[in-house]
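Peer 1: Got a sequence here, can you build the structure:
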Amino acid sequence: MKIRIKFAKYGTMKFIGHLDMMRFFQKAIRRAEIDVKYSEGFSPHQIMSFAAPLGVGIESRGEYMDIEVLSMTSTEDMKDALNQVMVEGVEVLSVTILPEHAKNAMSSVAAASYSLRMKEGSFPIDDLEGKIQDFCSQVTIPYMKETKKSVVELDLKQGIYELGAGQNGTIHMLVNASSSGNIKPTMVFEKLCQFAGVEISPSAYQVTRLETYTDTAKDGDDHRFIPLADVG
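Peer 2: Presented below is the predicted three-dimensional model:
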């Protein structure tokens, strides 16, 4: 069976990188005595796929990983077993059985939503909501992206699906998170600050991923984003 696990990552665990998180879950799955499926060959490993690697320092309430199991009692039993071996800062939120035809988590990702808040006080941007509207009304938002071979200029606006100010002094955004057009929330915020004429240190605000989505729209249709946990 294909299983999708949704988990949260917060507190000091936000400083643990992607590869270490993979190793952590491999050990946690063994300790929870999950009947996980292993690959074949000379070096068997757990069949595991993470959705979208999270940047170091970013918290999340919408992380996903897929595994395959040979047997299980129920999704709730698996969730409880995993949470019993989790450390502080990691919590399994849901366990879902995927249909056979479902794509793995990594190839399913289309977008992600984020919130940004100042660790102390509020954003030092006058008329934050108005500045965001003016920022988004630009025809293009060019930015330079470094690749392994060169530096290319891209249009950031194409990857911003939603951007707004929350009532509690936060900034919310929904951006492209696919492998072909991944937009970092810190890049969007950096460009917004440049547009507003302010400079805010990355250490002064906290980024939290709220959810990770797949796109169920057919070719030519508008985006129809649903959480990865709702696939199937």
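Peer 1: Quick check: the gap between the residue lying farthest from the centre of the chain and Arg30.
Peer 2: With distances taken from the mean C-alpha point of the chain and given as Cα atoms, centre = their mean, the most distant residue is Phe42, at 32.8 Å. Distance check for Phe42 against Arg30: by Cβ to Cβ, to the nearest Å, it reads 20 Å. The way it works is simple: take the backbone N, C-alpha and C, and place the C-beta from them, glycine included.
Peer 1: and if you look at Glu211?
Peer 2: Taking Cβ to Cβ as the criterion, Glu211 is separated from Arg30 by 29 Å.
Peer 1: So between the two, which is more surrounded?
Peer 2: For Glu211 and Arg30, the more surrounded residue by other Cβ atoms under 10 Å is Glu211, and the numbers stand at 20 against 12.
Peer 1: Secondary structure of Tyr173: a strand, I assume?
Peer 2: You called it Tyr, but residue 173 is Met. Yes. Secondary structure assignment places Met173 in a strand (DSSP: H, G, I helix; E, B strand; the rest coil).
Peer 1: tell me the contacts of the closest residue in space to it that isn't next to it in sequence?
Peer 2: Ranked by Cβ to Cβ, 6 or more residues apart in numbering and with sequence neighbours excluded, the top spatial neighbour of Met173 is Leu163, at 4.7 Å. Under the criterion of Cβ atoms under 8 Å, 6 or more residues apart in numbering, the contact partners of Leu163 comprise 132, 135-136, 171-174, 188, 192.
Peer 1: from those, which would you call buried?
Peer 2: Among those, those buried by neighbour count (16 or more other Cβ atoms under 10 Å) are 132, 135, 171-174, 188, 192.
Peer 1: Can you lay out the residues you listed as CSV showing pLDDT and distance to Pro202?
Peer 2: Formatted as CSV, the entries for those read as follows, by pLDDT from 0 to 100; distance: Cβ to Cβ, whole Å:
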residue, pLDDT, distance to Pro202
Ile132, 96, 19
Phe135, 96, 19
Ile171, 96, 14
His172, 97, 18
Met173, 97, 16
Leu174, 97, 21
Val188, 95, 13
Leu192, 96, 13
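Peer 1: Return the closest of the residues you listed with respect to Ser49.
Peer 2: Sorting the buried ones among the contacts of Leu163 by how near they are to Ser49, with Cβ to Cβ, puts Leu174 at the top with 23.0 Å.
Peer 1: how near is Asn83 to Gln194?
Peer 2: Between Asn83 and Gln194 the distance is 42 Å, computed by Cβ to Cβ.
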